[in-house]
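Novice: Next one to model:
(2 chains)
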Amino acid sequence: MLKLYNTMTGSKEAFQPLVPGTVRMYVCGVTVYDESHLGHARSALVFDVLRNYLQFSGYAVTFVKNFTDVDDKILTRAAQEGVPWTEIVERYLCTYRRDMARLGVAPADIEPKATEHMPEITTMIEALMAKGHAYRLDGDVYFEVRTDPAYGRLSKRKPEDLLAGARVEVDERKRNPMDFALWKSSKAGEPAWESPWGPGRPGWHIECSAMSIRHLGETFDIHGGGMDLIFPHHENEIAQSCAATGKEFARYWLHNGFVQINDEKMSKSLGNFFTIQDIFERSSCSEQVTGDALRYFLLTTHYRSPLDFSDVSVQEAKRALDSLYGLFQRLEEPSGEEGQGEAQLERAVTRLTEAFHRVMNDDFNTAAAIAQFQLLRGEVNRLLETGLSARARAQAREAFRSLGRVLGLFQLSIKEWEFKELEFRARPDDRTQGSRLDRERPEPPSFTDEQIERQLAERNEARRRKDFARADAIRTELSAHGITIEDRPDGTSRWKR
RNA sequence: GGCGCCGUACCCAAGUGGCUAAGGGAGCAGUCUGCAAAACUGCGAUGCGGCGGUUCGAACCCGCCCGGCGCCUCCA
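Specialist: Okay, the predicted model is just below:
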């Protein structure tokens, strides 16, 4: 039985979807006005893994993740650059999709855009007007918070408390400072859609209500997003959705913790901002390998905890993966006395599978799940010393691959993996710290597989002749090209790059 | 001012009432090896920020204190 922490109730609850066997989930995506950063990566990854796990558990999942494609920030950016706002939207939609692909985060089933749901949005606002929850103010329309007696139940705030320390500049025209915009009239030159209240664009919160209801129905199972969205975004979504439909909105509210830098929130104003693009560009490893390391790093902390990013922590994740991929490589090689540990392996795989379900069912604890994989790594390595049949080795690899698929880990082949250290170069645009040297230092020309095999054969011939000087010279030569040699007991060698 | 979160070994981190406090990284020692590398084995918190309290029993519950952070404004 899957248990999920529900922000609404502040506790872990047994997950019971509205319609047995199916899950409808909505996650707040991004406003496409800039490069995506690690925080976006974490949120996207967390809910990607949740979706995978729900499917793995047998649910038919409908996953909706929106793009906010009309918003003040987009317009501001467009004005700064002197380009049409649609160009900003187009550009950052592309970079978001590129970054998600690199992270191995699959698209949602439906990825609606605000600009494509104007009829739903205006219809919903009209319903709120008709029911007395909203009022016009010149060309704008506001939601009247006072009409919702339950307002504040998600974020556990009372409207009175909110006013006490509010740093908001209150628009004096509003009936109540808490009231928020459903519709904003447009100024000259701004994008505008026709509405009963004149040309304008939707407020931020209404689009998520309109689009989630449009694609998932008035009541659905899971609504997710970053912690910071709890208030006011999700609070407002609940208020307007329930007011419009008279029904419960989302049943389970899930929120992921922040990515921090040096224990502080990552933000542009603090200047500690890491874009996903940055990380991939600066990594010394391939995109696939960097993506895996990043995923592993992001998933070794429980999704609700804050997570501190540093180069070192990603390097540690990479090293941890190296030991796993080292095992996968050995699993592709014949091992000693065939067949000895089959029964033990069977038990170990069963144990992993059970433990994986147990910890993932507990509020999808990916950190504990990864620990289970590490436990299996140790067991399989021990069994490999006594010998495993080809069938058992394939079974072990398959256990990592099939369960790992939920986390998006362990999917690469040995040829695709890189055993070299993951290092972060200085940022390409940083000219102050010798970064040009880093950038321009050429990668040593690599050998082809055939060349390596030839040198290895020569080296092992030399070892048989006890010509260790020659053998070590070859090893040094290969090492200079990023190739590591591991000698097996039988006189043959494996190599890694 | 209001609401809330965090503090577990050198570093990261799971665990939130009861088996020896997961797992990873780094380190040290050993096995193996011509030497390495890898793998394996062992070592590593008598204690979970501090002090009290509740309990037969607490890292986990309660109170106070110390330190750090978030939200209350756009924010994943």
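Novice: going on from the helix or strand hosting A:Q372, what's the next piece of helix or strand?
Specialist: Using DSSP states H and E, A:Q372 sits in helix A:366-386. Note on helix A:366-386: by DSSP H and E, the next helix or strand toward the C-terminus is helix A:390-407.
Novice: For that following helix, give the mean pLDDT please.
Specialist: When pLDDT is averaged along helix A:390-407, the result is 96.
Novice: Is there proximity between it and RNA strand B?
Specialist: No - Helix A:390-407 lies apart from RNA strand B when judged by Cβ under 7 Å from any atom of the strand; the minimum separation is 12.7 Å. All C-beta atoms are positioned from the backbone trio N, CA, C, and that covers glycine.
Novice: Then stretch A:290-303?
Specialist: Yes - using Cβ under 7 Å from any atom of the strand, a contact is recorded between stretch A:290-303 and RNA strand B, made by A:T300, A:T301, A:H302.
Novice: if we can go back for a sec, off-centre distance for the helix holding A:Q372?
Specialist: Relative to its parent chain, helix A:366-386 has a centroid offset of 24 Å by Cα atoms, centre = their mean, to the nearest Å.
Novice: quick check, that helix touching RNA strand B?
Specialist: Yes - judged by Cβ under 7 Å from any atom of the strand, helix A:366-386 comes into contact with RNA strand B at A:A367, A:A368, A:I370, A:A371, A:Q374, A:L375, A:R377, A:G378, A:N381, A:R382, A:L384, A:E385.
Novice: between that helix and helix A:390-407, how many degrees?
Specialist: Here helix A:366-386 runs at an angle of 170 degrees relative to helix A:390-407 (axes from the mean of the first three to the mean of the last three Cα atoms, to 10 degrees).
Novice: What are the contacting residues of helix A:366-386?
Specialist: A:49, A:296, A:299-303, A:320, A:323-324, A:327, A:330-331, A:335-337, A:340-341, A:344-345, A:348-349, A:351-352, A:355-356, A:359-360, A:362, A:388, A:392-393, A:396, A:399-400, A:403-404, A:407, A:409-410 (Cβ atoms under 8 Å, 6 or more residues apart in numbering).
Novice: could you redo the last one with a cut-off of 7 Å?
Specialist: Applying Cβ atoms under 7 Å, 6 or more residues apart in numbering, the external contacts of helix A:366-386 come out as A:49, A:299-302, A:323-324, A:327, A:330, A:335-337, A:340-341, A:344-345, A:348, A:352, A:355-356, A:359-360, A:396, A:399-400, A:407.
Novice: elements contacting the helix or strand where A:E13 lies?
Specialist: Assigned by DSSP H and E, A:E13 falls within strand A:11-14. For strand A:11-14, the elements it packs on are strand A:3-6, judged by 3 or more Cβ pairs under 7 Å, 6 or more residues apart in numbering; DSSP states H and E.
Novice: From the contact counts, what lies against the strand it packs on?
Specialist: strand A:11-14, strand A:250-256.
Novice: Spatially nearest residue to A:H37 (excluding sequence neighbours)?
Specialist: Distances taken as Cβ to Cβ, 6 or more residues apart in numbering place A:T275 nearest to A:H37, at 5.0 Å, with adjacent residues excluded.
Novice: my guess is that neighbour meets A:D34, correct?
Specialist: No - counting by Cβ atoms under 7 Å, A:T275 does not reach A:D34; the two are 8.3 Å apart.
Novice: Check which element follows the helix or strand of chain A with the lowest mean pLDDT along the chain.
Specialist: Least confident helix or strand of chain A, by mean pLDDT, DSSP states H and E, is helix A:435-440 with a mean of 42. Using DSSP H and E, the helix or strand that directly follows helix A:435-440 along the chain is helix A:449-464.
Novice: May I see the buried residues of the helix or strand following that following helix?
Specialist: Downstream of helix A:449-464, the first helix or strand assigned by DSSP H and E is helix A:468-480. Buried residues in helix A:468-480, counted by 16 or more other Cβ atoms under 10 Å: A:A471, A:I474, A:R475, A:L478.
Novice: Please see if helix A:468-480 touches RNA strand B.
Specialist: Yes - Helix A:468-480 reaches RNA strand B (Cβ under 7 Å from any atom of the strand) through A:F468, A:A471, A:D472, A:R475.
Novice: Contacts only, for the last one.
Specialist: Taking Cβ under 7 Å, 6+ apart as the contact definition, A:R475 lies against A:R459, A:I485.
Novice: Need the pLDDT of it.
Specialist: 95.
Novice: Same check on the third one?
Specialist: As predicted, A:D472 sits at a pLDDT of 95.
Novice: List the contacts of A:M211.
Specialist: A:N66, A:P112, A:H117, A:E120.
Novice: ok, of the residues you listed, which one's closest to RNA strand B?
Specialist: Distance to RNA strand B, by Cβ to the nearest atom of the strand, is smallest for A:N66 among the contacts of A:M211, at 10.3 Å.
Novice: Residues contacting the helix or strand harbouring the closest one, please?
Specialist: Assigned by DSSP H and E, A:N66 belongs to strand A:60-68. Strand A:60-68 is contacted from outside by A:21-32, A:51, A:54-55, A:93, A:108-114, A:204, A:207-208, A:211-212, A:215-216, using Cβ under 7 Å, 6+ apart.
Novice: cool, and stretch A:478-485?
Specialist: By Cβ under 7 Å, 6+ apart, stretch A:478-485 touches A:F419, A:K420, A:P444, A:S446, A:F447, A:I452, A:Q455, A:R475, A:S493, A:W495, A:K496, A:R497.
Novice: Filter those residues down to the buried ones, PyMOL style.
Specialist: In PyMOL, this line selects whichever of the contacts of stretch A:478-485 come out buried by 16+ other Cβ under 10 Å:
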select buried, chain A and resi 419+447+452+455+475+493+495+496+497
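Novice: Least confident of the contacts of stretch A:478-485?
Specialist: A:P444 (58).
Novice: Within range of RNA strand B, give me the residues from the stretch 201-350 of chain A.
Specialist: Counting by Cβ under 7 Å from any atom of the strand, the stretch 201-350 of chain A comes close to RNA strand B at A:204, A:225-233, A:256-260, A:263-267, A:300-302, A:305-308, A:312-313, A:316-317, A:319-320, A:322-323, A:326-327.
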